[in-house]
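Undergrad: missing the sequence, but the structure's below:
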């Protein structure tokens, strides 16, 4: 689990639990599996842009509860995404978020070289 107490507070809130349940009810299949023509029930609701990438609590809350930032996934795909992000099992850290941001910025800058 993430160590940021603001994140922990958000994902333990009643508001998140309701949003998560509604997201799974409205999109019950893993989006990544569906891309391959396979229908696997989603177990997780992934934040496409990590909540902990928010600069402050208000931005974290906006990311957490934005339905457009949610992606239903099976456990396998959820774990794969977090492994690629360097944040397996929700172990986001400020350092990991900063490293991802730096890597993304470097990729964008390389386009202009």
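TA: Thanks, I have the structure now. It should be emphasised that the depicted structure is a prediction, and the values quoted were computed from it without experimental measurement. Residues are numbered from 1 along each chain as shown.
Undergrad: can you list the buried residues in stretch 44-51?
TA: Using 16 or more other C-beta atoms under 10 Å as the test for burial, stretch 44-51 gives 44-47, 50-51. For the C-beta atoms, the positions are set from N, CA and C on the backbone; glycine is no exception.
Undergrad: ranges for the helices of this protein?
TA: Secondary structure of the chain by DSSP state H: the helices cover 5-11, 14-26, 31-35, 57-65, 75-85, 94-110.
Undergrad: on that earlier part again, from the buried residues of stretch 44-51, which is closest to residue 113?
TA: residue 50 (27.5 Å; C-beta to C-beta).
Undergrad: next, give phi and psi for the closest one.
TA: phi -60, psi 140 (degrees, to the nearest 10).
Undergrad: how many neighbours does residue 32 have?
TA: If you count neighbours by other C-beta atoms under 10 Å, residue 32 ends up with 20.
Undergrad: repeat for residue 58
TA: 9.
Undergrad: circling back to that earlier point, next, format the helices of the chain as a markdown table and append mean pLDDT.
TA: What follows is the helices of the chain, written out as a markdown table (pLDDT from 0 to 100):
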| stretch | mean pLDDT |
| --- | --- |
| helix 5-11 | 91 |
| helix 14-26 | 96 |
| helix 31-35 | 96 |
| helix 57-65 | 96 |
| helix 75-85 | 91 |
| helix 94-110 | 63 |
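Undergrad: brilliant, that's me finished.
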